[in-house]
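> Sharing a model that was predicted from the sequence below.
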Amino acid sequence: MLWHPRTDFSAGRIAYTVAVFSSFISLGLAVDVITLTRPDDWHLHLRDGEALKAVVGHTAAQMGRAIIMPNLTPPVTTTAQALEYRERILAALPEGSTFEPLMTLYLTDTTPPDEIERAARSGVIKAVKLYPAGATTNSDSGVTDLAHCDDTIAMLAKVGMPLLVHGEVTTADIDIFDREAVFIERVMKPLLARHPALKVVFEHITTQQAAEFVAQAPDNIAATITAHHLLFNRNKMLVGGIRPHYYCLPILKREQHRQALLKAATSGSAKFFLGTDSAPHAQGDKESSCGCAGAYTAPAAIELYARAFDEMGALDKLEAFASLNGPRFYGLDPNPDSITLERKSWQLPDSYPYANGKSIIPLLAGESLEWSIKA
Ligand SMILES: NC(=O)N[C@@H](CC(=O)O)C(=O)O
Ligand SMILES: [Zn+2]
Ligand SMILES: [Zn+2]
């Protein structure tokens, strides 16, 4: 990562700099421009059809690659379906884009082991996704009991393909704020005991328990962290009115958990990497008496992560988290090019056009962000 320190700061800037870059102020330097290897998004929902066309350009404008979630209706359960979906994504990209979709399969109770071999041979399917049945958006076809999938998971371990896990239990007796922590004990630990060599990404972790579990686990266990879980606790969603655009799954947690996620993301551990979980839903489906789960963060993804790392005075850790740790876990090279971020304010639009004449509201719509991508 290249650092571009500035020395001509104003009095107001000095106060801010002291707070955020205490280690740099002794040198009289503040970081206002950073260049990093182009990032990738290791957890992304692109949907299909008109919605796909509306959203894919936002990710392609900043990310080199993305792991594409398979929770379409119906879900992407076979290699053939994933290859067709990949073609639709490539066709929806803006002219000249080199963005590369990395495909996934949706694990069901009946996914056969030979489907995993086919997926591995395809070269473009990089992972398999576990949704516990009923855990989240379009998870009705998800796994009801992992015991049904033992041979298929053994095949994943054999071919070295990661299992991506939405880590929440779904039983009605477990409180929504506890579902991730209980999942670790009831599902994750037994799964890893049965398949110790399996590569697992604990997706969109939201709790101190998950952060600590992954940090102390062997190297075949990693985690993605979203920008919104690094930036917000549950007060943002519930204090002063209910704010549906902050409702996502796993749900935002207490400040203690946000702090644990920030610590993990900026720790320098290669186990944690960027996964936005940008999950588009039309405005009316979010602003509703029964609103959908998902935050649309793709239009300002890296800018939101920069805000979070800046909050920790850890911008020097952003490149590993955003651009290096993910490819390393997946056995891929980092992207060959770079992006430059500058401390320059811009305003997110109030909305973007979505499918069927509807609109989509990005997280922090109409608000100012302090980091922008240099053209
Ligand atoms: N994160 C969400 O709140 N929603 C995702 C599903 C998911 O990742 O769990 C979606 O597809 O809308
Ligand atoms: Zn999920
Ligand atoms: Zn997701």
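Yep, it's here. Numbers count the residues shown, from 1 in each chain. Ligands and ions are numbered 1, 2, ... in the order given.

> Find the centremost residue of this protein, please.
Gly275 (2.0 Å; C-alpha atoms, centre = their mean).

> for this structure, which spans come out with low pLDDT?
1-30 (pLDDT under 70).

> Enumerate every residue touching the residue in the stretch 51-200 of the chain that ligand 2 sits nearest to.
Distances between the stretch 51-200 of the chain and ligand 2 by C-beta to the ion are smallest at His166, namely 3.6 Å. Heads up, the C-betas are built off the backbone N, CA and C, glycines and all. Going by C-beta atoms under 8 Å, 6 or more residues apart in numbering, His166 touches 129-132, 135-136, 139, 203-204, 249.

> In strands only, show me the residues you listed.
In strands, judged by DSSP state E, the following of the contacts of His166 are found: 129-130.

> Run through who's touching the longest helix anywhere in the chain.
In the chain, assigned by DSSP state H, the helix with the most residues is helix 79-92. Contacts to helix 79-92, defined as C-beta under 8 Å, 6+ apart, come from residues 46, 48, 52-53, 56, 68, 70, 72, 76, 101, 103-105, 115, 118-119, 122, 124-125.

> mind redoing it with 6 Å?
Identification of contacts with helix 79-92 by C-beta atoms under 6 Å, 6 or more residues apart in numbering yields 52-53, 56, 76, 101, 103, 105, 118-119, 122, 124-125.

> list the buried ones in it?
Across helix 79-92, burial judged by 16 or more other C-beta atoms under 10 Å covers 79, 81-82, 85-86, 89, 92.

> One more: stretch 299-313?
299-310, 312-313.

> Also stretch 190-203?
The neighbour-count check on stretch 190-203 (16+ other C-beta under 10 Å) flags 191-192, 195, 198-203 as buried.

> One more: stretch 116-130?
For stretch 116-130, by 16+ other C-beta under 10 Å, it's 116, 119-120, 122, 125-130.

> Now for these: which two are most distant?
Farthest apart among these by C-beta to C-beta are Ser122 and Leu130. That separation is 19.3 Å.

> Dump the longest helix of the chain to PDB, keeping only the CA atoms.
Taking C-alpha atoms only, helix 79-92 is exported to PDB below (Å, rounded to 0.1, in the frame of the first residue of the first chain):
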ATOM      1  CA  THR A  79     -23.200 -26.400 -11.800                       C
ATOM      2  CA  ALA A  80     -25.200 -25.900 -15.000                       C
ATOM      3  CA  GLN A  81     -27.400 -23.300 -13.300                       C
ATOM      4  CA  ALA A  82     -24.300 -21.500 -11.900                       C
ATOM      5  CA  LEU A  83     -22.700 -21.400 -15.300                       C
ATOM      6  CA  GLU A  84     -25.900 -19.900 -16.800                       C
ATOM      7  CA  TYR A  85     -26.200 -17.300 -14.000                       C
ATOM      8  CA  ARG A  86     -22.500 -16.400 -14.600                       C
ATOM      9  CA  GLU A  87     -23.300 -15.700 -18.300                       C
ATOM     10  CA  ARG A  88     -26.200 -13.400 -17.300                       C
ATOM     11  CA  ILE A  89     -24.000 -11.500 -14.900                       C
ATOM     12  CA  LEU A  90     -21.300 -11.000 -17.500                       C
ATOM     13  CA  ALA A  91     -24.000  -9.900 -20.000                       C
ATOM     14  CA  ALA A  92     -25.300  -7.300 -17.500                       C
END
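
> Measure how far it is from the centre of its chain, please.
21 Å (C-alpha atoms, centre = their mean, to the nearest Å).

> try stretch 350-359
That offset, for stretch 350-359, works out to 22 Å (C-alpha atoms, centre = their mean).

> and Thr110, what element?
According to DSSP states H and E, Thr110 maps onto no helix or strand at all.

> quick one: contacts for it?
Contacts of Thr110 (C-beta under 6 Å, 6+ apart): none.

> if I look at it, how far off is Phe273?
31 Å (C-beta to C-beta, to the nearest Å).

> Over to Arg121?
Separation of Arg121 from Phe273 (C-beta to C-beta): 26 Å.

> quick one: secondary structure of Ala320?
helix (DSSP: H, G, I helix; E, B strand; the rest coil).

> can you count the residues close to it?
Counted with other C-beta atoms under 10 Å, the neighbours of Ala320 add up to 22.

> change the start of the numbering to 50 and stick with it
Okay, residue one is now 50; in that scheme the one you just asked about reads as Ala369.

> Spell out which parts of the stretch 50-199 of the chain neighbour ligand 1.
Neighbours of ligand 1 within the stretch 50-199 of the chain, by C-beta under 6 Å from any ligand atom: 94, 120, 185-186.

> Same check on the stretch 200-349 of the chain?
Of all the residues in the stretch 200-349 of the chain, those in contact range of ligand 1 (C-beta under 6 Å from any ligand atom) are 215, 297-298, 326, 328, 342-343.

> Make TSV out of these and add secondary structure.
As requested, those are exported to TSV (three-state DSSP):
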residue	secondary structure
His215	coil
Cys297	coil
Leu298	coil
Asp326	coil
Ala328	coil
Ala342	coil
Gly343	coil
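
> Show me how to select, in ChimeraX, the buried members of those residues.
Per 16+ other C-beta under 10 Å, the buried members of these correspond to this ChimeraX selection:
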select :215,297,298,326,328,342,343
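
> Adding distance to Val231, write the residues of the stretch 200-349 of the chain next to ligand 1 out as a markdown table.
Converted to a markdown table, these look like this (distance: C-beta to C-beta, whole Å):
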| residue | distance to Val231 |
| --- | --- |
| His215 | 14 |
| Cys297 | 19 |
| Leu298 | 15 |
| Asp326 | 20 |
| Ala328 | 23 |
| Ala342 | 18 |
| Gly343 | 22 |
